[in-house]
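1. A predicted structure for the sequence below; I have some questions about it.
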Amino acid sequence: MSKQFSSLGISAPILKALSELNIVEPTEIQQKTIPLLLAETHDVVGLAKTGTGKTAAFGLPLLQLIDTESPVVQAVILVPTRELGQQIFRNLEGFGKHLPNVSIASTCGGIPIKPQIERLTQPTHIVVATPGRLIDLIQRKAIDLKQTAYLVLDEADEMVSILKESLDEIVAELPKKHRTLLFSATLPGTIKQLIQNYLNKNVVQVSASMETVGNQGIDHEYIVVDPIEKLDVLMHFLNSREGERGIIFCKTKAAVNKLAKNLAINRFSSGALHGSLSQGIRDRIMEQFREGHINILVATDLAARGIDVKEISYVVNYHLPDTYENYVHRSGRTARAGAKGLSLTVLQEEEVVEIPEFEQELGIKFTKFQKPSVASLEENNTLLWAKQIFKTKPNHDISTELKTKVKTVFHHLTKDELIEKLLANYVLQNKVEVAEKPVKKFKK
């Protein structure tokens, strides 16, 4: 029989909140980390893939270790993005629902600093922050970390470059005796260096589910396409998963914008997410996605960090990720909380040689996704065209006189006859367009 949270030493008020959240059975990283944080005094490195419950692994013991009699900041949780910060803040609020005296604040970048400074004038025990914003608050003397006992570095592999520049300044504000808890999905050399430089030499390392990416619920598949058919193949896939929620990852902001525009033209329920968008727009898109008002998110790697939506049924790597770590984080957006999910990577022929390297490095197995036939792609494009017409709003600027003349042209046709003629016209137009496309000549 697997362990329950009570056997890990979690207190009654937190157990009650977990029960209300339908969180019953601790994950492997939680089973290994929670007793360690509650009973020991060592620094801890926790290695576990995305979606395995790292937030609760450090969040539950932190909530329990807070001394509510002392109104000072006792724990700082550093995160790479505001989206992840907001997610952790919400999780901690939920876990601590029956701990009314524990005060948690979110102080992440991308939004005005003044309300955060005002918030920190009130008693605060736990602060969730992005490194840049925390340093800003330190420099303004708006936050006092002189009695902070815990420093958590979450998704540390995504913060390496930021931490290199800012960690010295942050650590200088902490008391000499503090515990550092580092959590990461991967352990590249840069993270090992970070551990060596900033964590106690007696650091305890725990790892969970490292032999597979995220969990057993993800099907890793790839599809090989010619560049000219890449968009059509993607549209075919999305149409086949209509009503399901998914994320499409692109390498660059420009690629995200271009693809999001194509999805909008084809009337897919979608939104774009990348670092150049204002924080307000990013928050709105994320809220729409979280609430189910849009089904598809097109995003860059960093912008999508912190997306913890249980019903994401697929992830599409529209461009092959640059690193194995990014593949781990991308695919980990699906198959969360025990669900099943698909991670589909779209490749060109010359990229197929990289698949065995990803398999070997990550300990996973890819299967080939069957590419639709030319006829099937054409049929799908016709359906997308029909949806465009169906979802087009009437233009009230067109004069009544012109509308009447057009109706007169069609008035003797039945609905079926009109559809037949529209379809025939669409097919004819597309054949003409294909015939008129210039043939590229290549020099030998």
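-> That came in fine, so what should we check first? Numbers count the residues shown, from 1 in each chain.
2. all strands for the stretch 1-150 of the chain, in order.
-> 44-48, 75-78, 104-107, 126-129, 150-153 (DSSP state E, counting those that start in this stretch).
3. let's have the ones you listed in TSV, adding mean neighbour count, mean pLDDT and distance to Val353.
-> All C-beta spots, glycine's among them, are computed from the backbone N, C-alpha and C. Shown next, in TSV, are the strands of the stretch 1-150 of the chain (neighbours: other CB atoms under 10 Å; pLDDT from 0 to 100; distance: least, CB to CB, whole Å):
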stretch	mean neighbour count	mean pLDDT	distance to Val353
strand 44-48	23	90	29
strand 75-78	24	97	38
strand 104-107	22	96	44
strand 126-129	26	97	42
strand 150-153	24	96	35
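4. looking at the ones you listed, which is closest to Ala272?
-> strand 104-107 (24.0 Å; CB to CB).
5. quick one: strands adjacent to that closest one?
-> Using DSSP bridges, the strands paired with strand 104-107 are strand 126-129 (parallel).
6. so, low pLDDT: which residues of the chain?
-> Per-residue confidence of the chain (counting by pLDDT under 70) places the weak regions at 1-3, 50-51, 209-216, 303-306, 308, 336-338, 432-444.
7. need the longest helix for it.
-> Selection of the longest helix in the chain by residue count, based on DSSP state H, yields helix 415-436.
8. who touches that helix?
-> Residues from elsewhere that reach helix 415-436, judged by CB atoms under 8 Å, 6 or more residues apart in numbering: 378, 381-382, 385, 389, 410, 413.
9. how near is Ser399 to Leu418?
-> Ser399 sits 22 Å away from Leu418, taking CB to CB, to the nearest Å as the criterion.
10. so the two - more neighbours on which side?
-> Neighbour count, other CB atoms under 10 Å: between Ser399 and Leu418, Leu418 has more, with 11 against 8.
11. may I see the strands of the stretch 1-150 of the chain arranged in JSON lines, with distance to Val374 as well?
-> Listed next are these as JSON lines, based on distance: least, CB to CB, whole Å:
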{"stretch": "strand 44-48", "distance to Val374": "44"}
{"stretch": "strand 75-78", "distance to Val374": "51"}
{"stretch": "strand 104-107", "distance to Val374": "51"}
{"stretch": "strand 126-129", "distance to Val374": "51"}
{"stretch": "strand 150-153", "distance to Val374": "50"}
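12. out of those, which gets nearest to Leu21?
-> Of all the strands of the stretch 1-150 of the chain, strand 104-107 sits nearest to Leu21, with 16.1 Å by CB to CB.
13. please export the C-alpha coordinates of the closest one as CSV.
-> In CSV, the C-alpha atoms belonging to strand 104-107 read as follows (Å, rounded to 0.1, in the frame of the first residue of the first chain):
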residue,chain,number,x,y,z
ILE,A,104,2.0,34.6,1.2
ALA,A,105,2.9,37.2,-1.3
SER,A,106,3.7,37.1,-5.0
THR,A,107,6.3,39.7,-6.2
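14. how far does it sit from the chain's center?
-> Distance, stretch centre to chain centre, for strand 104-107: 21 Å (CA atoms, centre = their mean, to the nearest Å).
15. what residues does it touch?
-> 85-86, 89, 92-93, 96, 116, 119-120, 124-129, 133-134, 137, 143.
16. hang on, the earlier thing: chain center to the longest helix of the chain: distance?
-> Helix 415-436 sits 41 Å away from the centroid of its parent chain (CA atoms, centre = their mean).
17. quick check: buried residues in it?
-> Within helix 415-436, no residue qualifies as buried by neighbour count (16 or more other CB atoms under 10 Å).
18. quick thing: my sequence starts at 30, can you match it?
-> Sounds good: first residue 30 from here, last item helix 444-465.
19. before we move on, the earlier item: show me just the buried residues among the contacts of strand 133-136.
-> Buried subset of the contacts of strand 133-136 (neighbour count, 16+ other CB under 10 Å): 114-115, 118, 121, 125, 145, 149, 153-158, 162-163, 166, 172.
20. sort out for me which of the residues you listed are in helices.
-> 114-115, 118, 121, 145, 162-163, 166.
21. so for Val233, which of the strands of the stretch 30-179 of the chain sits nearest?
-> strand 73-77 (5.3 Å).
22. can you list the strands that that closest one pairs with?
-> Assessed with DSSP bridges, strand 73-77 is paired to strand 208-213 (parallel), strand 233-237 (parallel).
23. break down the stretch 330-473 of the chain into its strands, ranges please.
-> Going by DSSP E, counting those that start in this stretch, the stretch 330-473 of the chain shows strands at 341-346, 370-376, 395-397.
24. from the chain's centre, how far out does the last one sit?
-> The reference is to strand 395-397. Offset of strand 395-397 from its chain centre (CA atoms, centre = their mean): 23 Å.
25. Leu373 and Val189, how far apart?
-> Applying CB to CB to Leu373 and Val189 gives a distance of 28 Å.
26. neighbour count for these two, which is higher?
-> Each of Leu373 and Val189 has its neighbours counted (other CB under 10 Å); Leu373 has more, 23 against 16.
27. test my guess that that one contacts Tyr251.
-> Yes. Contact status for Leu373 versus Tyr251: in contact at 7.2 Å, counting by CB atoms under 8 Å.
28. any shared contact partners between those two?
-> With contacts taken as CB under 8 Å, 6+ apart, the residues that reach both Leu373 and Tyr251 are Phe398.
29. pull out the buried residues from stretch 308-320.
-> Within stretch 308-320, the residues that count as buried by 16+ other CB under 10 Å are 311-312, 314-315, 317-319.
30. stretch 336-349 too?
-> For stretch 336-349, by 16+ other CB under 10 Å, it's 336-338, 341-349.
31. repeat that for stretch 388-406.
-> Neighbour-count burial for stretch 388-406 flags 391, 393, 395, 398, 400-401, 406 (criterion: 16+ other CB under 10 Å).
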